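okay, sequence plus prediction incoming.
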Amino acid sequence: MGNLNTGKIAKNTVMLYIRMLLILGVSLYTSRVVLQVLGVSDYGVYSLIAGILTMFSFVSQSLVEAMQRFFNVAIGRGDTGRLVRTYVMGINLFALFSVFLLLVGETLGLWYILHEVNVPPGREHAALWVYQISLATLIVQLFRTPDNALIIAHERMTFYAYLGILEAVLKLSVVLVLRYFSCDRLILFTLLYLATSVLINILYRIYCHKYFSTVRYRYLWDRALLKEMVSFSGWTVLNGGTRTMTLQFENIFLNRFYSVAVNAARGVASQVYNAVNLFLTNFQTAFQPQLVKTYAAGEREDHQRLLYQSSRFSYYLFLLLFIPIIFNLEELLSLWLVEVPEYTVPFCKYVMLAYLTDALAHPLTTSIMANGNIRGIQISTSVVFVIQLAASFFSLRAGAPPYIVSVFILVSHTIHYFLYLYYSRKLCGIGLSGYFRQVIRPILVVSSLAVVLPLSLRRFSGGLFSTLGICCTDLIWISAVVWLVGLKRAERLYLRAFVISKFQQKSKS
């Protein structure tokens, strides 16, 4: 397998997959309890307020992507000095952005909360508190990202997995204790989430201080590196900004043309989106560092082979969740939430279909980011987001059902995939014929076979044990199809040997 550290990728993939499954289960149960404890109205208020603040976070997300790329390039080239300078300048940039965030949040953001948000009568005071606490939480999480990026760049996925699981469990604990308080539960909920974020930040800092002793903050100002980081992150800011603004303005439009009850349905769909995105991010995090490092080191053959592998594996792993959920969505939502807000089912269906394309698009995105010439792709995808937002607004104003916004998300993500494919060919030399043979053809065959049994079992669904039994049967069937048809013989042999070696290590210990 060339110079690729395949064993490390496999180990990281397993750790992150376990992390994803545990966090997914805890997060979905947490969402159910939150909806029950807060009620549809307060849950809709929280979803709306938190969504508005997410509009401010796109810059931080873009800076994280930039730091991740610069970390991986520095490690791939063996340049420790540049790694340290990137870490320090990243913290400086986050400090400057936090000041900007406070200024905008306490002026324009506060004005919007006070004058424009459609909040149920009597909950205005709570909405204001939720906004202020959520703003503080956003800034706290902002300063976690340099340490987070450093850990991922060094591929320390075991700690990353454990801490992610701990955070999910703490958030579930927060929701469970809410039942025993008679005060305003919505305000207390956001306060306890803030405390959880502070604790996780501290644990990240302790780990990085112990294991990456050479990477410490000390005051320096590298203008050349700053210019390079800002130039790169500027285009990701454009893309991240339009993406986030589109999603959150759609939430605002739903609030304007419908009610907070529809925001609650969109909030549930957002929880599904977050779970799906968590799934994709966790798996692709295992591949991302080496995708960037192989490109930075000039190992084009290894880079292309890893791109094909990560694209197929990403799609297959997502398919394991996608098919059982999409064919049993109504029953699963009823089991999960008990009281399912209206429009939740179509919101969730289109979101999941959209992220099926993202499973293929993300490795292409990483390859383009490794190249560094991202101006064209970021402008193109941003234009698509603007068109998506305009289509959502005019459709809602014309009386379309609220889930039309999720339909446009699906269309937008599909267009993005083809744009990423075009630019990865143009910038990184990814051959379309090879991509079709190595990626598209296998996943089409696997997808066609994978839906055969779930379609036939669909008529038997209904009830707890029936639904869970069908989901488990679907999962076993899809796994068998992927193993026998989707994987190459060499990949099956390697994965079998990897699993056996891990069991042998466990038995010896």
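Yep, it's here.

residues in contact with R459?
Residues near R459 by Cβ atoms under 8 Å, 6 or more residues apart in numbering: none. Backbone N, C-alpha and C define where each C-beta goes, glycine included.

and H125, its phi and psi?
Note on H125: its backbone torsions stand at phi -60, psi -40 [degrees, to the nearest 10].

quick check: it vs N263, distance?
19 Å (Cβ to Cβ, to the nearest Å).

more neighbours: these two, which one.
N263 (28 against 11; other Cβ atoms under 10 Å).

which strand or helix spans V272?
Per DSSP states H and E, V272 falls inside helix 260-296.

before we move on, what about L48?
Using DSSP H and E, L48 falls in helix 6-54.

for the chain, give me the ranges with low pLDDT.
Where the chain drops to pLDDT under 70, the residues are 1-21, 23-25, 27-28, 51-65, 273-286, 338, 461-462, 498-509.

surely A50 is in contact with I133?
No - A50 is beyond contact range of I133, at 10.3 Å (criterion: Cβ atoms under 8 Å).

quick one: contacts for P442?
P442 touches 312, 485-486, counting by Cβ under 8 Å, 6+ apart.

quick check: end-to-end length of stretch 476-495?
Using Cα to Cα, to the nearest Å, the end-to-end distance of stretch 476-495 comes to 17 Å.

same check on stretch 430-448?
Taking Cα to Cα, stretch 430-448 runs 26 Å from one end to the other.

ok, which stretches of the stretch 151-300 of the chain are helices?
157-178, 185-211, 223-257, 260-296, 300-327 (DSSP state H, counting those that start in this stretch).

so which of these is the most surrounded?
helix 260-296 (a mean of 23; mean count of other Cβ atoms under 10 Å).

sorry, back to before: may I see the contacts of P442 arranged in a markdown table, with distance to I152 as well?
As requested, these are exported to a markdown table (distance: Cβ to Cβ, whole Å):
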| residue | distance to I152 |
| --- | --- |
| R312 | 22 |
| V485 | 32 |
| G486 | 27 |
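
out of those residues, flag the one nearest to A297.
Within these, the smallest distance to A297 is 23.1 Å, found for R312 (Cβ to Cβ).

the closest one contacts I440, doesn't it?
No - between R312 and I440 there is no contact under Cβ under 8 Å: 9.5 Å.

so how far is stretch 141-151 off the chain centroid?
On the basis of Cα atoms, centre = their mean, to the nearest Å, stretch 141-151 sits 15 Å off its chain's mean C-alpha point.

mind listing what R144 touches?
R144 touches 197, 200-201, 204, counting by Cβ under 8 Å, 6+ apart.

that one and T366, how far apart?
Counting by Cβ to Cβ, the gap from R144 to T366 is 22 Å.

how far away is L419 from I379?
Counting by Cβ to Cβ, the gap from L419 to I379 is 10 Å.

again but with A400, I slipped
Taken as Cβ to Cβ, the span from A400 to I379 is 28 Å.

what do you get for Q248?
Distance from Q248 to I379, by Cβ to Cβ: 21 Å.

and if you look at Y43?
Taken as Cβ to Cβ, the span from Y43 to I379 is 37 Å.

alright, that wraps it up for me.
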